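Peer 1: missing the sequence, but the structure's below:
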């Protein structure tokens, strides 16, 4: 939930007894789409801020952390990803990072709320620079059904760039969805999903994702933590799983010599993110 104090945007996490605030200059946009309330603020120090139903989604200043870690570790772990599907990701930042990889031949953004994308194009144009790439395809509708209807073994990588596992996004954190992803992926394919804060959600959300992905048939499930200042606790994670593929090794030389610019991701960060804190290993029952 959010609470408005004059001159500030504050998101309060009632169940954790904490919150996060940004000083704002003005509200740039507000609308109620078919699915959610969309607000854009201009902040003093973090650039533009997108808020969906009172929850912080992204800012100009720190979104690169999330978008780079949701994409490049998986893309450099897969041996040669050609077709990538993003479920969610309406702000287009994940699509932009995916299409930095010259080997990707086809990318789909499957987003339920077209208004998020249209608002992002206006207020976050830097995130939308790949929208006109000939490899980019857009489908605005139900991502769960889109994956269920996808041809068998037709996708190399599925990125679930979703909101928190409540409401419409709850079905994206379910074993049935992961099973449909498994069937849609080619052998050696991968799935990666945002999995909330390690500090708050390791024993609940992250562990359930591990268990559900394995139940759906995936191998080598790995969670990679990374910093994210505007999200609860300032610490976030993504979880990867493979179809007949272990994930502890990646194309390290290709990552080191990547032909594009990143601000956070590099081969050393990738390697370090695979090393989990001890409490996460214990709570996930990992050796």
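Peer 2: Done, it's in. Computed from a predicted model, the values in this text were never measured in an experiment. Numbering: from 1, shown residues only.

Peer 1: could you pull out the strands for the stretch 101-250 of the chain?
Peer 2: If you assign secondary structure with DSSP state E, counting those that start in this stretch, the strands in the stretch 101-250 of the chain sit at 106-111, 136-140, 155-161, 185-194, 219-227, 235-242.

Peer 1: can you say which of the ones you listed is packed in most?
Peer 2: Comparing those by mean neighbour count (mean count of other C-beta atoms under 10 Å), strand 155-161 comes out on top with a mean of 27. To be clear about C-beta, it is placed using only N, CA and C from the backbone, and glycine gets the same treatment.

Peer 1: strands paired with that strand, and their directions?
Peer 2: Take DSSP bridges as the rule and strand 155-161 pairs in its sheet with strand 83-88 (parallel), strand 185-194 (parallel).

Peer 1: pipe the ones you listed into CSV and attach distance to residue 6 and mean pLDDT per row.
Peer 2: Listed next are the strands paired with strand 155-161 as CSV, based on distance: least, C-beta to C-beta, whole Å; pLDDT from 0 to 100:
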stretch, distance to residue 6, mean pLDDT
strand 83-88, 33, 98
strand 185-194, 32, 98
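
Peer 1: and for residue 179, the neighbour number?
Peer 2: Counted with other C-beta atoms under 10 Å, the neighbours of residue 179 add up to 18.

Peer 1: ignore the last one, residue 257
Peer 2: Look at residue 257: counted by other C-beta under 10 Å, it has 9 neighbours.

Peer 1: mind listing what it touches?
Peer 2: Remark: with contacts taken as C-beta atoms under 8 Å, 6 or more residues apart in numbering, residue 257 is in contact with nothing.

Peer 1: same deal with residue 146?
Peer 2: Contact partners of residue 146, counting by C-beta under 8 Å, 6+ apart, are 87, 110, 139.

Peer 1: mind putting the strands of the stretch 101-250 of the chain into a markdown table with distance to residue 255?
Peer 2: As requested, these are arranged in a markdown table below (distance: least, C-beta to C-beta, whole Å):
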| stretch | distance to residue 255 |
| --- | --- |
| strand 106-111 | 19 |
| strand 136-140 | 23 |
| strand 155-161 | 15 |
| strand 185-194 | 15 |
| strand 219-227 | 13 |
| strand 235-242 | 14 |
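
Peer 1: quick one: residue 207 from residue 77, how far?
Peer 2: Residue 207 is 22 Å from residue 77, where distance means C-beta to C-beta, to the nearest Å.

Peer 1: appreciated, that's everything.
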